[in-house]
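Trainee: Quick one, fold the following:
(chains A and B)
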Amino acid sequence: MKRIGGFFKDINKNKVLLLMALPATLWFLFFSYLPMAGVVIAFKEYRNSRDGFWASIVESKWVGWDNFKFLFSTNDAYVITRNTLLYNIFFIIVGLVLAVAMAIILAEITNKKLAKVYQTGMFLPYFLSWVIVGYFVFSFLSFDKGMINQIGSWFGAEPTQWYTEKAYWPFIIILVFLWKSVGYNSVVYLAAIMGIDKSLYEAAMIDGASKWQQIRNITLPMLKPLMTILTLLAIGRIFYADFGLFYQVPRDSGALYSVTNVIDTYVYRGLKATGEIGMSTAAGLYQSVIGFTLVILSNWIVRKWDKDNALF
Amino acid sequence: MSTKVLKSRDFHKLPVGLNVVFNVIAGLFAFACVFPFLFVTIISFTDEQTLAANGYSIFPEKWSLDAYRYLFKAGDQLFRSYGITITVTLIGTLVSLILTATFAYAISRKSFKYRNFFGFFAFFTMLFNGGLVPTYIVVTQLLGMKDTLLALILPMAGNAFYIMIMRTFFVTSVPEAIIESGKIDGAGEFGIFCRLILPLSLPGLATIGLFSTLGYWNDWFNALLYIDNPDLVPLQSMLMRIENSMQFLLQNTNNPSLGVGLLQSLPQDTSRMAMVVLATGPIIFAYPFFQRYFIQGLTIGAVKE
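Mentor: This next block holds a predicted model:
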């Protein structure tokens, strides 16, 4: 009795803060935790019931691992996993190198006003939606009006049907990704470079270190913790792809699926286009479970490496 | 006799040649980032016939305002979508700020007995999620939000990452002494939060607010999932729909007699690009101002307690 009384006393003492936590708690329950429970659909043959949500879930027949078996017996599972992983690996490596290089360049440019102007320009793509970016790409790649085919025609090249030629798309996707993200990421690194103690550079200069030596021996080592953390975090997200990049930019072109289909677009199409709810949920769960494992793993590595920067 | 005194700044100076190279690289990349928008803007001001003959060009032979003229004449859908986007962005940002600030404040308070539980409750959603399909089914079937404005607002309103940033902000920049002094003056917890904490936390709130404003303005995914009713289609989603067919633009026009004739005379290509320009305009004008706060926000986000 006493313990229960104590519990109510605690509740009463914390009631205002509990009340403040309530709205977001309800939000998390509905939009995060109920969907987590909803993954049971992956083990069911989902049928919409007229009696609503709960009935649909309860009445659908259990099929065990069948959805997963179907998913992994198709070529799709291989293609979407390969695409998601390979693109992300490229994004992580090339993105890191370019963002750090651009940050160093911006930091070193003598005219700070100009550097600010460049930075403002580079930051712009981050503010635009993927729909807009899709239109931008189309203005270059349109078959009859696009700039690339026009320039090609000056040199006597035949126009290319860009939206059906899959050989080019890995490059286009990577290019568009870098275009949209490098400016934003270089700002993060630039902020870190600005935080480096200036006396380090002065001491190096007195010792006669060249600019290149300063960059190699001061700037890069000082950026290393940040590079490591951001990379490990990106590895934790390696099973997730930016839906907009893979759906809007190739204009959902079916001819390109083998090089543009990633887990996220596959799940969406299973839900909205082909109606394979069970398999689509299975693919989503596959993504969540491996994603979860990778986040835990990369955080574990961060903790080993540098405790202060671990996510948890 | 005068020896040149070198300032420490000069020590740090880049060799002239390298400085030129760096300027060229950064300048070219910055230009490449801005160019597509300029290009699309130019296309939107091109004469439709010129465009049909020559394709998209940076230096069109003939300029024209026709695209914009048509849009203002027949663009009911455009204005409606503008209205939806503005409404969703304003309400969404407000809801998102309320959810984030109240929850983050509660778990930032050391005296809150359940702070660890609630902290983990939010944080766990960053590690694991149910995926798209269960979320879709919850929103459409359990909450019945298909084809409602709520479907554009609520699914994006909560965000564990923003909560973590905001909690860090409360912990690091709001001294416990202020809360104590508020208590001595007889203010309740909620009074302290509204009258003392929130005004002190404006920079943090502004950052979160801007992030979510941008998120709502640019969102098309929720509309793709949940919205079929043309009256509720936001800007970005409208742009998606006219990608293939300009028909969508005119199917809801106020003046039905305009419909068919106008569609035939509508400068299709240039109008599409004009819509892109109109939908992006507010962001382009606001972003030099936003940028400063974003950079601040990135720095706040990077600081952990």
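Trainee: rest of the way, CA atoms for contacts and neighbours
Mentor: Noted.
Trainee: count of residues packed around residue 240?
Mentor: All of this is about chain A. 20 (other CA atoms under 10 Å in any protein chain shown).
Trainee: meant chain B, my bad for not saying
Mentor: B:Met240 sits with 18 neighbouring residues when counted by other CA under 10 Å.
Trainee: do the same with B:Tyr82
Mentor: B:Tyr82 has 20 neighbouring residues, counting by other CA under 10 Å.
Trainee: If we go by neighbour counts, what in the helix or strand containing it is buried?
Mentor: In the assignment (DSSP states H and E), B:Tyr82 maps to helix B:76-108. Judged by neighbour count using 16 or more other CA atoms under 10 Å in any protein chain shown, the buried positions of helix B:76-108 are B:76-78, B:80-108.
Trainee: Who are the contact partners of the residue in the stretch 51-200 of chain A positioned nearest to chain B?
Mentor: Relative to chain B, the nearest point of the stretch 51-200 of chain A is A:Lys145 (3.8 Å; CA to the nearest CA). Contacts of A:Lys145 were listed using CA atoms under 8 Å, 6 or more residues apart in numbering or on different chains, and they are A:139, B:51-52, B:54-56.
Trainee: can you tell me which residues contact the spatially closest residue to A:Leu297 that is not a sequence neighbour?
Mentor: Excluding its sequence neighbours, the residue lying closest to A:Leu297 (CA to CA, 6 or more residues apart in numbering or on different chains) is A:Gly236, at 7.6 Å. Residues counted as contacts of A:Gly236 (CA under 8 Å, 6+ apart) are A:291-292, A:294-299.
Trainee: Show me the two of those residues that sit farthest apart.
Mentor: Farthest apart among the contacts of A:Gly236 by CA to CA are A:Gly291 and A:Asn299. That separation is 12.1 Å.
Trainee: can you give me the helices for the stretch 51-200 of chain B?
Mentor: B:66-74, B:76-108, B:115-127, B:132-137, B:150-153, B:160-173, B:176-184, B:189-192, B:198-200 (DSSP state H, counting those that start in this stretch).
Trainee: can you give me the offset of the last one from its chain's centre?
Mentor: When you say that, I think you mean helix B:198-200. Centre-to-centre, helix B:198-200 and its host chain are 24 Å apart (CA atoms, centre = their mean, to the nearest Å).
Trainee: Excluding its own residues, what touches the helix or strand just after that helix? List them.
Mentor: Toward the C-terminus, helix B:198-200 is succeeded by helix B:202-218 as the next helix or strand (DSSP H and E). Defining contact as CA under 8 Å, 6+ apart, one finds that helix B:202-218 is touched by A:127-129, B:85-86, B:88-90, B:92-94, B:96-97, B:101, B:153, B:156, B:162, B:166, B:169, B:236, B:290, B:293-294, B:296-297, B:300.
Trainee: how near is A:Tyr46 to B:Tyr114?
Mentor: As judged by CA to CA, to the nearest Å, A:Tyr46 and B:Tyr114 stand 38 Å apart.
Trainee: neighbour-wise, which of those two wins?
Mentor: A:Tyr46 (22 against 17).
Trainee: Now do the same contact list for the residue lying closest to that one once chain neighbours are set aside.
Mentor: Nearest non-adjacent residue to A:Tyr46, counting by CA to CA, 6+ apart: A:Ser60, 5.2 Å away. Going by CA under 8 Å, 6+ apart, A:Ser60 touches A:44-47.
Trainee: Repeat that for B:Ile192.
Mentor: By CA under 8 Å, 6+ apart, the contact list for B:Ile192 reads B:179, B:182-183.
Trainee: Please tell me the pLDDT value assigned to it.
Mentor: We have a pLDDT of 90 for B:Ile192.
Trainee: likewise B:Ser57?
Mentor: On the pLDDT scale, B:Ser57 gets 91.
Trainee: Please apply the same query to A:Lys198.
Mentor: For A:Lys198, the pLDDT comes out at 89.
Trainee: how close does it sit to A:Ala157?
Mentor: For A:Lys198, the distance to A:Ala157 equals 53 Å [CA to CA].
Trainee: ditto for B:Thr85
Mentor: When distance is defined by CA to CA, B:Thr85 is 43 Å away from A:Ala157.
Trainee: Chain A: strands as residue ranges?
Mentor: All strands of chain A, identified by DSSP state E, fall at A:44-45, A:61-62.
Trainee: Can you tell me which of the ones you listed is nearest to A:Leu34?
Mentor: Using CA to CA, these put strand A:44-45 closest to A:Leu34, at 16.4 Å.
Trainee: Each with direction, which strands does that closest one pair with?
Mentor: strand A:61-62 (antiparallel) (DSSP bridges).
Trainee: before we move on, the earlier item: now, of the contacts of A:Lys145, which are buried?
Mentor: Here, 16+ other CA under 10 Å leaves A:139, B:51, B:55-56 buried among the contacts of A:Lys145.
Trainee: Up against chain B, what does the stretch 51-200 of chain A have?
Mentor: A:52-54, A:102, A:105-106, A:108-110, A:115, A:118-125, A:127-129, A:131-132, A:135-136, A:139, A:144-147, A:150, A:179-180, A:187-188, A:191 (CA under 8 Å from any CA of the partner chain).
Trainee: Please, a ChimeraX command that selects the buried ones among the residues you listed?
Mentor: In ChimeraX, this line selects whichever of those come out buried by 16+ other CA under 10 Å:
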select /A:53,102,105,106,108,109,110,115,118,119,120,121,122,123,124,125,127,128,129,131,132,135,136,139,144,145,146,147,150,179,180,187,188,191
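Trainee: Can you tell me which of the buried ones among the contacts of A:Lys145 is nearest B:Phe72?
Mentor: Nearest to B:Phe72 among these: B:Leu51, at 20.9 Å, using CA to CA.
Trainee: residues contacting the closest one?
Mentor: A:145, B:43, B:57, B:60.
Trainee: Give me the buried stretch members for stretch A:4-11, please.
Mentor: For stretch A:4-11, burial by neighbour count (16+ other CA under 10 Å) applies to no residue.
Trainee: do you know how far the residue positioned nearest the centre of chain B is from B:Ala26?
Mentor: With distances taken as CA atoms, centre = their mean, B:Leu214 lies nearest the centre of chain B, 1.1 Å away. According to CA to CA, B:Leu214 stands 26 Å off from B:Ala26.
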